[in-house]
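**Q** fold the following for me, if possible:
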Amino acid sequence: MYKNSERRFVDFLKPYITSYIGSVLSAIAGVFWGLAPYYILYRLLNGLVSDFSYNDIIIGTLFILAAFVLQLICHGLSTAISHKTAFRILEEIRIAITNKMLRMPLGYIQLHGTGHFQHMLIDGTERLEFPLAHAIPETTSNVLIPAGIIVILFFVDWRMALAVMVPAILTLIFYLPMYIGIMNEFANTYYSALEHMNNRVIEYIRGNKEIKIFGQEKRAYSKYEEAIRNYKKSTLKLYNKMYIVSAPALVLLSSITVSVLCVGGCLYVYRSLSGQIFLFSVLLSVGLGSSLLKFTEFMDNFYHIRNGKHLIDEILSASELKEIASEKTILNNKIELSHVSFAYGKETVLHDISLTIEENTKVAIVGPSGSGKTTIANLLARFWDVTDGCITIGGVDYKNLPLSELMSKISYVTQDTFLFNMSIMENIRLGNPAATDEEVKIAATNAQCSDFIENLEHGYDTVVGNAGAKLSGGQRQRIVIARAILKNAPILILDEATAYTDMENQNKIQDSLMALCKDKTLIVIAHRLTTVTDCDKIIVLDAGKPDSVGSHEELIKTSALYKKMWSAYISKTSEIGERKESFYAKNGV
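**A** Numbering: from 1, shown residues only. Just a heads-up that it's a prediction; the model follows:
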């Protein structure tokens, strides 16, 4: 049913292996120049037992300064290359994830929530920057420095080399297995708590208005606070365990110098080791301890990489809607659902549905809440693919149509309107990017929104704010309808498209929609049954199955469920009218 993306996290790294090799080589060169002063120091210490001139000291000092400068240059070059590479990789990852989201079933995004993707695109990806920019080249250098120091000591005195190497190896043998074990035990809990906290933060900010309206400040804040406490608890638990391991490791790293002092001191006392080699070994042991300490600090970054790799691979390997490259010839816009079933995960919500929607007809889908009305609309727009069965348009299975061709045939207006943070003109023009300003205004007029737009200070150039926050719900909905009118697709799906319009404008919009529906296939998802009485056909759903099909008059006579829904709707409408009249009478309105 779906195809899977073959790209994984490592695939983003492969094109930049050469860059990372250059960064590592620069880091290695920096290590070489960092070790050079030790060699000069060794030569100067050897000079203590023989005469050396003032010029030898000057030359040695200048050489050490030059080595430090070259080390700094190599380190800077390595860091510059790795940073540039890291940001290129992060850019490609973000673009790949957003492109992947366009090819995913809408259900996958809804299942994981917007917070998951926002966290992945912003915080989760950004957390990879430090490991990619620093850990790879700098860990390499911090491994090579101890190795280089031990090699130098073996050339100088093998006994001092062993005095350094043995405690260093014991430290790594003690530290690494315990560290890996703790991270494997607690890392998943830590990252889960972090993501949960991020989701709660996003939910708290986005739902702040609703929280205040419904007086849920304490409840919402308690959930938000609980998520923060859970993250704190997980973090402290992880770091407390880490401290138990890192504290002895620091002691063992310090024991390197102690080992050198003890072994070298004994050998010096018994005249088996020269004083200059003894001092030189002590200095090298200090440098080795600091390098190993930095190496252990960078270990955390590899778990950030592993977690990021897991999340990225999970998203990029998710199921995709099958895409067909070649266009198909569709003779008409007749829609057929043949034995269609659909499940959200393990929960089946549509059961073996077979329906026909003739071209240029107006069809309504009604039913109790949760009966599957919106699910059918989402399947028709191919936001998901059916679990079983097939949907055809003009006799062609719509899975065999390119998504771009399918979308050009369908306009979908939902009750959940969304406007982009740009002008009203550009928001409407999304329906047809090639439309002129005049065509946009005609669409707005047909959607009954030109009057309020022209009364705005900047008219059609008014920027609507994030998600259209500067406009009312009804205004946003009319702009979305104008967008659909401008698109002028042959199939129009309206999912409670007039839900937020006031009574004054609802009739006007209904008239404009009727004009729009001329020579089009119209599918209406509605709770207000009065809006579908003139449909050619009404499909009544119940628990994911068709209960009955017919016109309004036919269903009133033959469908017990539809008759019950109609009676309940009329009764509720009359009750609301009576309450309004009573309120107006009491308040003298």
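**Q** where exactly do the helices run in the stretch 101-250 of the chain?
**A** Under the criterion DSSP state H, counting those that start in this stretch, the stretch 101-250 of the chain contains helices at 106-112, 114-119, 125-126, 129-130, 136-156, 158-206, 208-213, 217-269.
**Q** confirm residue 489 sits in a strand?
**A** No - applying DSSP: H, G, I helix; E, B strand; the rest coil, one finds residue 489 to be coil, outside a strand.
**Q** the bottom helix or strand of this structure by mean pLDDT?
**A** Ranked by mean pLDDT, DSSP states H and E, the weakest helix or strand in the chain is strand 2-4, scoring a mean of 40.
**Q** and the next helix or strand after it, which residues are buried?
**A** Next in sequence after strand 2-4, counting helices and strands by DSSP states H and E, comes helix 9-13. For helix 9-13, the buried set under the neighbour-count rule, 16 or more other CB atoms under 10 Å, comprises 9, 12-13. C-beta here means a position set from N, CA and C on the backbone, and glycine is covered the same way.
**Q** and the strands in the chain, which stretches?
**A** For the chain, the strands defined by DSSP state E cover 2-4, 319-321, 335-344, 347-357, 362-366, 388-393, 396-397, 410-413, 491-495, 521-525, 537-542, 545-550.
**Q** could you check the angle strand 545-550 makes with the longest one?
**A** In this case it means strand 347-357. 20 degrees (axes from the mean of the first three to the mean of the last three CA atoms, to 10 degrees).
**Q** contacts made by strand 347-357 with the rest, please.
**A** Strand 347-357 is contacted from outside by 334-343, 363, 372, 375-376, 379, 387-389, 521, 523, 537, 539, 543-546, 549, using CB atoms under 8 Å, 6 or more residues apart in numbering.
**Q** at 6 Å what do you get?
**A** Strand 347-357 is contacted by residues 335-342, 363, 372, 375, 544-545 when judged by CB atoms under 6 Å, 6 or more residues apart in numbering.
**Q** show me the shaky parts of the stretch 351-500 of the chain.
**A** 467-468, 497-500 (pLDDT under 70).
**Q** please enumerate the helices of it.
**A** Under DSSP H, counting those that start in this stretch, the stretch 351-500 of the chain gives helices at 373-380, 403-409, 424-429, 437-446, 450-454, 473-487.
**Q** quick one: which of these is nearest residue 273?
**A** helix 403-409 (76.9 Å; CB to CB).
**Q** so which of the strands of the chain gets nearest residue 36?
**A** strand 2-4 (51.7 Å).
**Q** for residue 245, see how far away residue 271 is.
**A** Going from residue 271 to residue 245 by CB to CB, to the nearest Å gives 41 Å.
**Q** those two: which is more packed in?
**A** Remark: of residue 271 and residue 245, residue 245 carries more neighbours, 18 against 7, as counted by other CB atoms under 10 Å.
**Q** ok, the more buried one - contacts?
**A** Residue 245 touches 178-179, counting by CB under 6 Å, 6+ apart.
**Q** how close does residue 304 get to residue 250?
**A** The spacing between residue 304 and residue 250, counted by CB to CB, is 22 Å.
**Q** the more surrounded of those two?
**A** With neighbours defined as other CB under 10 Å, residue 304 and residue 250 compare such that residue 304 has more, 19 against 15.
**Q** my read is that that one contacts residue 130, right?
**A** No - taking CB atoms under 6 Å as the definition, residue 304 is not a contact partner of residue 130, at 7.4 Å.
**Q** give me the distance between the residue nearest in space to the middle of the chain and residue 552.
**A** The structure's the chain has its C-alpha centroid closest to residue 117; by CA atoms, centre = their mean the separation is 2.3 Å. For residue 117, the distance to residue 552 equals 43 Å [CB to CB].
**Q** one more: residue 20?
**A** Taking CB to CB, one finds residue 20 at 69 Å from residue 552.
**Q** go on, residue 316?
**A** 49 Å.
**Q** neighbour-wise, which of those two wins?
**A** Using other CB under 10 Å as the criterion, residue 316 and residue 552 rank with residue 316 on top: 21 against 17.
**Q** need the contact list for residue 566.
**A** Contact analysis of residue 566 by CB under 6 Å, 6+ apart lists residue 529.
**Q** and for the closest residue to residue 44 other than its chain neighbours, the neighbour number?
**A** Nearest non-adjacent residue to residue 44, counting by CB to CB, 6 or more residues apart in numbering: residue 60, 5.3 Å away. The number of residues packed near residue 60 is 18, by other CB under 10 Å.
**Q** would you turn the helices of the stretch 101-250 of the chain into a markdown table with distance to residue 410 and mean pLDDT?
**A** Below are the helices of the stretch 101-250 of the chain laid out as a markdown table (distance: least, CB to CB, whole Å; pLDDT from 0 to 100):
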| stretch | distance to residue 410 | mean pLDDT |
| --- | --- | --- |
| helix 106-112 | 14 | 70 |
| helix 114-119 | 24 | 70 |
| helix 125-126 | 33 | 76 |
| helix 129-130 | 41 | 79 |
| helix 136-156 | 47 | 77 |
| helix 158-206 | 29 | 75 |
| helix 208-213 | 31 | 59 |
| helix 217-269 | 37 | 76 |
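**Q** residue 517: neighbour count?
**A** 16.
**Q** from residue 180, how far off is it?
**A** Distance from residue 517 to residue 180, counting by CB to CB: 64 Å.
**Q** likewise residue 244?
**A** Taken as CB to CB, the span from residue 244 to residue 180 is 14 Å.
**Q** quick one: residues contacting the nearest residue to residue 154 once chain neighbours are set aside.
**A** Nearest residue to residue 154 in three dimensions, chain neighbours excluded: residue 161, at 4.3 Å (CB to CB, 6+ apart). Residues in contact with residue 161, defined by CB under 6 Å, 6+ apart, are 150, 153-154.
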